[in-house]
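# Sequence below, structure please.
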Amino acid sequence: MTDVAPDAAMDVAPDAASDVVSDAATDVTSEVAADAVTDVVSDGADPGDRAALGCAAAKVRGRPRSPAADAAIIEAALRLLEEGTTVDGLSIERIAREAGVGKATVYRRWPGKGPLMLDVLRSLEETGPEPAGVSVRDDIVANLEFMRRRGLAKRNSALLRSVVTQMHANRELWRAYEENVIAARRASLRDVLRRGVECGEIRDDVDLELLGELFTGPMLTRAILHEWRELPEGLAERIVDTVLEGVSPREPRVSPRG
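Next up, the predicted model:
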């Protein structure tokens with residue numbers, strides 16, 4: 001598709017070039033056309049044609065990103081991973097070719113392979129629950145139940161397991177995943193715990209960062225480190241109730257009467 005577009009763009013009159021590219025701007029093809037026009041302009045054409053074609057490309061690039069192109073690129077990366085290509089073996093050029101778009105289309109969305117792979121991993125995960133804000137206990141249980149179901153999905157999905165394992169081995173990619181995905185989940189849990197302190201369900205002398213790890217640690221251990229351990233229903237409730245019992249406000253001691 002990218003080979004045909006430059007030849008076609010050179011054959012149309014300057015005034016028609018803008019119409020041709022603009023009509024295509026509603027789908028993935030428009031992105032390819034924009035890349036092709038850019039190639040024509042940079043490779044050299046008559047001054048009048050260059051001005052018209054450059055204007056046409058600018059109009060296409062000024063339009064909102066095409067969700068269809070976003071999805072095509074993500075799905076292309078997933079297909080390559082499913083076929084056995086490693087994360088390190090992927091390249092922007094190969095992903096673009098598989099998606100049927102130009103490299104410039106990919107780079108307009110992601111500055112490099114790392115950010116793209118971060119979104120690929122996000123596409124494999126479901127969105128975490130929003131705290132209902134009624135019961136602190138129930139919100140923490142919902143958070144851990146999401147982790148339990150995610151752990152089960154990872155065990156049942158060879159693709160998800162492979163991608164997560166490969167990204168974990170890539171320190172730069174995993175750091176980005178920690179900062180952009182996991183950090184947001186931790187912050188959400190801390191907000192719930194902070195609310196628990198404010199409403200008197202959790203003591204105010206407790207380190208909330210440590211408390212968050214006490215809640216999530218047992219589930220993560222089973223889901224990631226000890227994949228042979230079961231992740232039964234009710235596990236989230238058992239973990240939450242056990243930890244909450246230790247951090248609930250203490251009943252004041254009554255001094256024995258002499």
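# host element of residue 213?
According to DSSP states H and E, residue 213 maps onto helix 208-220.
# Residue 138 too?
With DSSP H and E as criterion, residue 138 is part of helix 136-156.
# Over to residue 203?
Assigned by DSSP H and E, residue 203 belongs to no helix or strand.
# Please report the distance of it from residue 211.
For residue 203, the distance to residue 211 equals 10 Å [C-beta to C-beta, to the nearest Å]. To be clear about C-beta, it is placed using only N, CA and C from the backbone, and glycine gets the same treatment.
# what residues are shared contacts of the two?
With contacts taken as C-beta atoms under 8 Å, 6 or more residues apart in numbering, residue 203 and residue 211 have residue 247 as neighbours in common.
# still on that earlier bit, residues in contact with the helix holding residue 213?
With contact meaning C-beta under 8 Å, 6+ apart, helix 208-220 is reached by 140, 143-144, 147-148, 151, 186, 189-190, 193-194, 197, 202, 231, 235-236, 239-240, 243, 247.
# Show me which of the residues you listed are buried.
The neighbour count (16 or more other C-beta atoms under 10 Å) marks 140, 143-144, 147-148, 151, 189, 193, 197, 202, 231, 235-236, 239-240, 243, 247 as buried among these.
# still on that earlier bit, for the helix holding residue 138, packing partners?
Counting by 3 or more C-beta pairs under 8 Å, 6 or more residues apart in numbering; DSSP states H and E, the packing neighbours recorded for helix 136-156 are helix 158-169, helix 183-198, helix 208-220, helix 235-247.
# what residues are up against residue 123?
74, 78.
# Mind pulling up the pLDDT for it?
For residue 123, the pLDDT comes out at 86.
# again with the one 4 residues further on
Looking at residue 127, its pLDDT reads 77.
# do the same with residue 47
Residue 47 is assigned 44 on the pLDDT scale.
# Residue 94: which of the helices and strands packed on helix 136-156 is closest?
Closest approach to residue 94 among these is made by helix 158-169 (16.0 Å; C-beta to C-beta).
# Just the CA coordinates for the closest one, please, in PDB.
Only the C-alpha atoms of helix 158-169 are listed here, as PDB (Å, rounded to 0.1, in the frame of the first residue of the first chain):
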ATOM      1  CA  ALA A 158       0.500 -18.600  27.400                       C
ATOM      2  CA  LEU A 159       0.800 -15.300  25.600                       C
ATOM      3  CA  LEU A 160       0.300 -13.200  28.700                       C
ATOM      4  CA  ARG A 161       2.700 -15.400  30.700                       C
ATOM      5  CA  SER A 162       5.300 -15.100  27.900                       C
ATOM      6  CA  VAL A 163       5.000 -11.300  27.500                       C
ATOM      7  CA  VAL A 164       5.100 -10.600  31.300                       C
ATOM      8  CA  THR A 165       8.100 -12.900  31.700                       C
ATOM      9  CA  GLN A 166      10.000 -11.300  28.900                       C
ATOM     10  CA  MET A 167       9.200  -7.800  30.000                       C
ATOM     11  CA  HIS A 168      10.200  -8.700  33.600                       C
ATOM     12  CA  ALA A 169      13.600  -9.700  32.200                       C
END
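# Only the buried residues of it, if you could.
For helix 158-169, burial by neighbour count (16+ other C-beta under 10 Å) applies to 160, 163-164, 166-167.
# Repeat that for stretch 79-94.
For stretch 79-94, a neighbour-count test (16+ other C-beta under 10 Å) marks 80-81, 85, 87, 90, 92 as buried.
# same check, this time on stretch 198-214
Buried residues in stretch 198-214, defined by neighbour count with 16+ other C-beta under 10 Å: 201-202, 208, 211-212.
# Reformat the residues you listed into CSV and put distance to residue 123 and pLDDT next to each item.
Below are those laid out as CSV (distance: C-beta to C-beta, whole Å; pLDDT from 0 to 100):
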residue, distance to residue 123, pLDDT
201, 36, 91
202, 35, 95
208, 31, 95
211, 32, 96
212, 26, 95
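# Pick out whichever of those sits closest to residue 70.
For the buried residues of stretch 198-214, the minimum distance to residue 70 (C-beta to C-beta) is 32.9 Å, reached by residue 212.
# where's that closest one relative to residue 162, distance?
Separation of residue 212 from residue 162 (C-beta to C-beta) stands at 29 Å.
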